[in-house]
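Engineer: below is the structure, and that's it, no one-letter string:
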């Protein structure tokens, strides 16, 4: 828990001993929750595929893998089962959601050049942090604004063959994803999910408080007061944005922190106390409910 000392906010030693600190927020300067969230889920971009598509590229990955596709000249059809085919004829960037089962099919004889980056969300997020990206979003280059300069940098870096190229590409993919999320929220292409909620001012204080004090025994009434809403209005707003209740989010965030602590080798009884559980047994029950396996089994799977 954080306390004010001489006007400065401090985190309790029990919590601060294990978790990284972030810049404190004031009403004029809020903690950057989106950055913290991406750090917690270990967001990593990775070059997935690059080259010419002169037939059909099939993507059939387990839910939890999102993609960015950069089409330097267009010339691709986005084919999804049971849905209309979307032709892309001009240089464009495609952001595909974390339910990736579709095909990219060349729609001209000479094929199309493609650079793809992937993002693995599933293993670290479970099923309780919906991203809010439910349909593939297509951004023509001439509508990308400032993002286009970063895309051009990525294309140039890919063609350079310079030492460290793959690492540079991965970092650029991550940066582009963040810029696209901002743009999609501003353009109202994302209207729900965790990303939208964290960029929406109505719940900013709520997320900041939960992230500061995950060990606190939060009630819906306390969280509603932080949002300056009635209990019923707050619950409805929260569920509409994220698809889960406020207390379910508190539990999910605790479990996300627990995963980090498990990978750091912290004892389970210490983890339980750190994130607000009265006993190791209570923590284990909650973990199993969230991920379908006990912490020890999850840790073994994660290491493998």
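Structural biologist: Right, received. Where do you want to start? Everything quoted here is computed from the prediction, not taken from an experiment.
Engineer: residue 37 and residue 198 touch, don't they?
Structural biologist: Yes - with contact defined as CB atoms under 8 Å, residue 37 counts as touching residue 198 (6.3 Å). The way it works is simple: take the backbone N, C-alpha and C, and place the C-beta from them, glycine included.
Engineer: more crowded one of those two?
Structural biologist: residue 198 (22 against 19; other CB atoms under 10 Å).
Engineer: element containing the more buried one?
Structural biologist: Element membership of residue 198, judged by DSSP states H and E, is helix 194-199.
Engineer: so the residue nearest the centre of the chain is in which element?
Structural biologist: The centre of the chain sits closest to residue 38, judged by CA atoms, centre = their mean, with a distance of 5.5 Å. Residue 38 belongs to helix 33-40 when assigned by DSSP H and E.
Engineer: OK, contacts around the residue nearest to the centre of the chain?
Structural biologist: Contact analysis of residue 38 by CB atoms under 8 Å, 6 or more residues apart in numbering lists residue 178.
Engineer: what count of nearby residues applies to the closest residue to residue 101 other than its chain neighbours?
Structural biologist: For residue 101, ignoring the flanking residues on the chain, the nearest one in space by CB to CB, 6 or more residues apart in numbering is residue 60 at 5.1 Å. Neighbour count for residue 60, taken as other CB under 10 Å: 9.
Engineer: likewise for residue 240?
Structural biologist: Neighbour count for residue 240, taken as other CB under 10 Å: 11.
Engineer: I'd say it and residue 192 touch.
Structural biologist: Yes - using CB under 8 Å, residue 240 is in contact with residue 192, at 6.9 Å.
Engineer: what is the longest helix along the chain packed up against?
Structural biologist: Counting residues, the longest helix in the chain under DSSP state H turns out to be helix 165-186. Secondary-structure packing of helix 165-186 (3 or more CB pairs under 8 Å, 6 or more residues apart in numbering; DSSP states H and E): helix 33-40, strand 45-53, strand 65-71, strand 92-96, strand 112-120, strand 137-140, helix 147-160, helix 194-199.
Engineer: for the residue of the chain positioned farthest from its centre, give its distance to residue 51.
Structural biologist: No residue in the chain sits farther from the centre than residue 109, which is 37.2 Å out by CA atoms, centre = their mean. Using CB to CB, to the nearest Å, we find residue 109 at a distance of 17 Å from residue 51.
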